[in-house]
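Asker: Pasting the sequence and the predicted model now:
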Amino acid sequence: MRRTNIYLTDEQRAALAARAAAEGTSAAELVRRLIDQALLGASDDLTDDLAAIDVSFGALRGDELDIDVDWADGRRGEHLRRISQL
């Protein structure tokens, strides 16, 4: 890894510091991640998100869930019961 200097506006520096603090990381690590996203093609594109959801659909069926569900919870319970049968 090599050190690189960049010039940021006061607003960019403040936003970078705030986001790094919110994510619990250093500004340098955040800059590296953001550069990787920009240069390596990581996308925030809705199409990519929808494709990921489509691929994962049905991967975990209702009977495989290890959670306690209150099936008698009115409309929500009826909805959960219906989708667990899919």
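Answerer: Yep, that arrived. Computed from a prediction, not measured in an experiment: that's the story for all the values here.
Asker: Tell me the spacing between Leu16 and Arg32.
Answerer: 12 Å (Cβ to Cβ, to the nearest Å). No exception for glycine: its C-beta is placed from N, CA and C like everyone else's.
Asker: Arg82: which element?
Answerer: Mapping Arg82 onto the secondary structure by DSSP states H and E places it in helix 74-84.
Asker: Look at Leu16 and Arg32 and report which has more neighbours.
Answerer: Leu16 (16 against 13; other Cβ atoms under 10 Å).
Asker: ok, now which ones touch the closest residue to that one other than its chain neighbours?
Answerer: What sits nearest to Leu16 in space, not counting adjacent residues and going by Cβ to Cβ, 6 or more residues apart in numbering, is Ala27, at 5.1 Å. Contacts of Ala27 were listed using Cβ atoms under 8 Å, 6 or more residues apart in numbering, and they are 16-17, 20.
Asker: Show me which of those is closest to Val55.
Answerer: Ala20 (31.6 Å; Cβ to Cβ).
Asker: Mind checking the pLDDT average for stretch 23-36?
Answerer: Averaged over stretch 23-36, pLDDT sits at 90.
Asker: Flag every buried residue along it.
Answerer: Leu30 (16 or more other Cβ atoms under 10 Å).
Asker: CA atoms of it as PDB?
Answerer: C-alpha atoms of stretch 23-36 as PDB (Å, rounded to 0.1, in the frame of the first residue of the first chain):
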ATOM      1  CA  GLU A  23     -19.500   3.300   9.800                       C
ATOM      2  CA  GLY A  24     -16.900   2.900  12.500                       C
ATOM      3  CA  THR A  25     -13.900   3.000  10.100                       C
ATOM      4  CA  SER A  26     -11.200   5.400   9.100                       C
ATOM      5  CA  ALA A  27     -11.500   8.000   6.400                       C
ATOM      6  CA  ALA A  28      -8.700   6.300   4.500                       C
ATOM      7  CA  GLU A  29     -10.500   2.900   4.600                       C
ATOM      8  CA  LEU A  30     -13.700   4.500   3.400                       C
ATOM      9  CA  VAL A  31     -11.900   6.300   0.600                       C
ATOM     10  CA  ARG A  32     -10.300   2.900  -0.500                       C
ATOM     11  CA  ARG A  33     -13.700   1.200  -0.500                       C
ATOM     12  CA  LEU A  34     -15.300   4.100  -2.500                       C
ATOM     13  CA  ILE A  35     -12.500   4.000  -5.000                       C
ATOM     14  CA  ASP A  36     -12.900   0.200  -5.400                       C
END
